[in-house]
Each structure stands twice: as C-alpha cells, then as structure tokens.
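> kindly return the folded structure for what I paste below:
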Amino acid sequence: MKLLFNDTLGRRSESVTTGIMRVIWLSLPLFCGPALADSFNDFELLLRTTVSISLWAFWALILLSTLLPTPVSLAIIRIGAPAAAALSLWSALETGGSVAGIVGLTVSAVAASVAISAPLGDRFSDGASYGDERRFLLRAPGPVLLLFGPLAWLTFLAGLTLGPLLLLNKNFLLGAVVTLCGFPLSAIASNAIYRLGKRWVVLVPAGVLLHDYLSVGDPTLIPRNQIADFSPAKAKTDALDLSQNSFGLSLEIRCFTPLSMMLKKGTRKIINESSTVENFMINPARPNAVLAEAHKRGL
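Numbers count the residues shown, from 1 in each chain. This is a model prediction of the structure:
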C-alpha cells in the first residue's frame with residue numbers, strides 16, 4: 001500500500017499545531033484584553049478586580065499547560081480555550097460589535113479550534129508515552145461529541161463560576177447553595193472530559209495496545225505475530241465495531257487466531273464480559289498517522 005502520509009509529517013503537524021497554540025495563547029491578552037476591559041467597566045470594583053485576577057490566573061494555567069504535553073494538560077486546554085472564545089463572544093456583544101471585540105473573538109475562536117484539533121490531541125496524548133511506544137487519541141463517541149461533551153463543558157463552567165459570581169454580587173444564600181452544588185458537579189464534568197483524553201491506541205514493540213475504558217475492561221495487547229491485517233475498514237466488514245459510533249474513518253485489525261478480550265457491555269459500559277474476537281474496528285483521531293507509524297514498525 002502506498003502511504004500518502006508519513007510519520008515525519010505526522011510529527012511535524014503535531015509540533016506545528018502545538019507551537020501555534022502556544023503563540024496564540026501567549027498573545028491572547030493583547031487581542032482580547034481591550035474588549036474585555038471595556039466590558040468590565042460597569043462592574044463594581046470588587047467584582048471587576050476579582051474577575052480580572054481570575055482571568056489572569058486562568059490564562060497562566062493554560063499557558064503552562066501548553067508547555068507540558070500530558071493528558072491532564074490536554075483536558076485543561078480543551079476546557080479553557082473554548083471558554084475564552086465564549087467569553088470573547090460575550091465581550092463582543094457587550095461592546096456592541098466593536099473592532100476590538102471582533103478581533104478578540106476571532107483570535108480566541110482560532111485558539112479554540114486549535115485546542116480541539118487532532119494533531120494537538122495526539123501530541124498531548126503521546127506526552128504520556130514511555131519507552132518505544134506511540135500513543136494516538138481515539139475519537140470521542142458521536143453522542144458525546146454532539147451532546148454530552150458540550151453539556152459536560154457547560155456544567156464545568158457553570159458549576160465553577162455561577163456560585164462565586166452570586167457571592168460577589170452579595171447574594172450570599174443562593175451563592176452559597178450554588179457553590180456547594182456547583183463545585184462537585186464541576187469536578188465530575190472535568191473528570192469526564194479528562195477521561196475522554198485517555199482513550200488511546202498504542203503502538204508498542206510487541207504489537208498494538210487498545211487502551212479504551214469504553215470498549216475493554218483492561219488495556220488489551222494484540223501481539224504483532226497475531227496481526228493478520230491492519231488497514232482501513234471495509235464498507236461491509238463483519239468486524240466487531242469498537243469505534244463507539246464515532247465519526248470518521250475506522251481502522252480494522254484482523255487476527256490470525258481468535259483473541260480473548262474483556263469487552264464492556266451494557267448501556268453504561270460498566271459490565272465486563274470475556275469474549276473471543278477475531279477482527280475489530282477502532283477509530284483514531286488521525287487514522288493516516290496511525291497507519292504510517294504501524295507501517296514504520298512493520299505492523
């Protein structure tokens with residue numbers, strides 16, 4: 001098979017995307033600051049000061065996260081960058097569509113787009129690798145991508161901010177109740193987003209490791225001497241679908257002999273059931289990069 005994408009290009013796209021993310025986030029105060037400052041003019045001094053300090057701390061945390069490629073950092077960036085875009089949208093509306101507001105919204109929207117991009121996801125996923133292995137992020141399930149992921153993101157932001165804002169506006173009783181309820185909900189939502197960034201297909205010297213808590217009870221190794229074929233899935237394949245209804249091109253792994261796997265069953269994926277599987281499908285975020293690395297490793 002002629003590869004249209006090689007591992008060097010895959011690594012380069014990850015490095016370039018990560019560099020773009022760092023540069024954009026570093027310069028974000030220059031582009032978003034003027035419009036946000038105008039939006040906060042009517043706030044009381046205590047509220048304005050608290051919000052300003054919080055935003056600077058938030059900016060610094062994400063900047064640090066861009067410098068430390070790990071799954072935790074990926075979750076922080078993928079929560080924070082879209083939040084900055086949402087804040088910039090509010091600021092643009094608050095300032096009546098001013099030039100500064102539009103500029104801030106545009107730059108923050110670019111930052112959010114880069115944050116959720118596949119190359120950035122793979123770069124930060126591979127940051128958890130050790131030894132001679134390569135980790136690739138699996139796509140989020142379709143329902144999560146379209147509904148549950150955005151809901152988790154909104155829950156995190158609302159739970160983290162609404163209570164403190166009510167307290168700062170001297171609505172102490174409601175603020176205390178919302179804070180006590182909101183912080184645990186934020187923790188649950190952020191953990192759900194973080195776990196989505198820990199679903200990988202890992203190429204190791206011994207073969208292919210499937211690390212997906214939605215599909216298998218334990219990380220499952222497919223030994224290289226048992227892999228008969230590793231390629232894009234055919235349209236009418238009989239392979240077991242472990243892609244979790246995610247969008248995009250699936251890859252199919254066919255084995256010479258049946259493989260024992262501990263599969264997740266049930267609507268909540270909490271039941272482990274031992275099954276024998278001969279071929280199955282997965283859906284990495286960048287199937288071309290996975291195949292290029294697999295070709296390089298002789299898989």
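> where do the domain boundaries of the chain fall?
Using automatic domain parsing, the domain parsing of the chain gives 1-128, 139-198, 200-296.
> can I get those in a markdown table including mean pLDDT and mean neighbour count?
From N, CA and C alone the C-beta is placed, and that goes for glycine too. Output for the domains of the chain, formatted as a markdown table (pLDDT from 0 to 100; neighbours: other Cβ atoms under 10 Å):
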| stretch | mean pLDDT | mean neighbour count |
| --- | --- | --- |
| domain 1-128 | 90 | 18 |
| domain 139-198 | 92 | 16 |
| domain 200-296 | 87 | 17 |
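> can you name the residues that contact the nearest residue to Leu174 once chain neighbours are set aside?
Once flanking residues are discounted, Leu174 sits nearest to Leu166: 5.5 Å by Cβ to Cβ, 6 or more residues apart in numbering. Neighbouring residues of Leu166 by Cβ atoms under 8 Å, 6 or more residues apart in numbering: 174-175, 178-179.
> could you do Val208 as well?
201-202, 221-222, 224, 227, 230, 253, 294, 299.
> go with 7 Å
201, 222, 227, 253, 299 (Cβ atoms under 7 Å, 6 or more residues apart in numbering).
> show me which pair in those is furthest apart.
Using Cβ to Cβ, these span at most 12.5 Å, a distance reached by Val201 and Ile227.
> what about the one helix or strand the residue nearest to Leu174 maps to, distance to the chain center?
Element membership for Leu166, per DSSP states H and E: helix 149-168. Centroid separation for helix 149-168 versus its chain: 19 Å, with Cα atoms, centre = their mean, to the nearest Å.
> likewise stretch 136-153?
On Cα atoms, centre = their mean, the centre of stretch 136-153 falls 8 Å from the chain's centre.
> contacts for that stretch next, please.
Contact with stretch 136-153 is made by 79, 82, 121-122, 125, 189, 192-193, 196-197, 199-201, 212, 214, 244-248, 282-286, 289-290, as judged by Cβ under 7 Å, 6+ apart.
> next step: the residues you listed restricted to strands.
Cross-referencing those against strands under DSSP state E gives 200-201, 282.
> Asp229 - that's part of a strand, no?
Yes - with DSSP: H, G, I helix; E, B strand; the rest coil as the criterion, Asp229 is part of a strand.
> which SS state does the closest residue to it other than its chain neighbours fall under?
Leaving aside its sequence neighbours, Asp229 sits nearest to Arg254 (Cβ to Cβ, 6+ apart; 4.2 Å). At Arg254 the chain is in strand, as set by three-state DSSP.
> which residues touch Arg254?
Arg254 neighbours (Cβ under 7 Å, 6+ apart): 228-229, 279.
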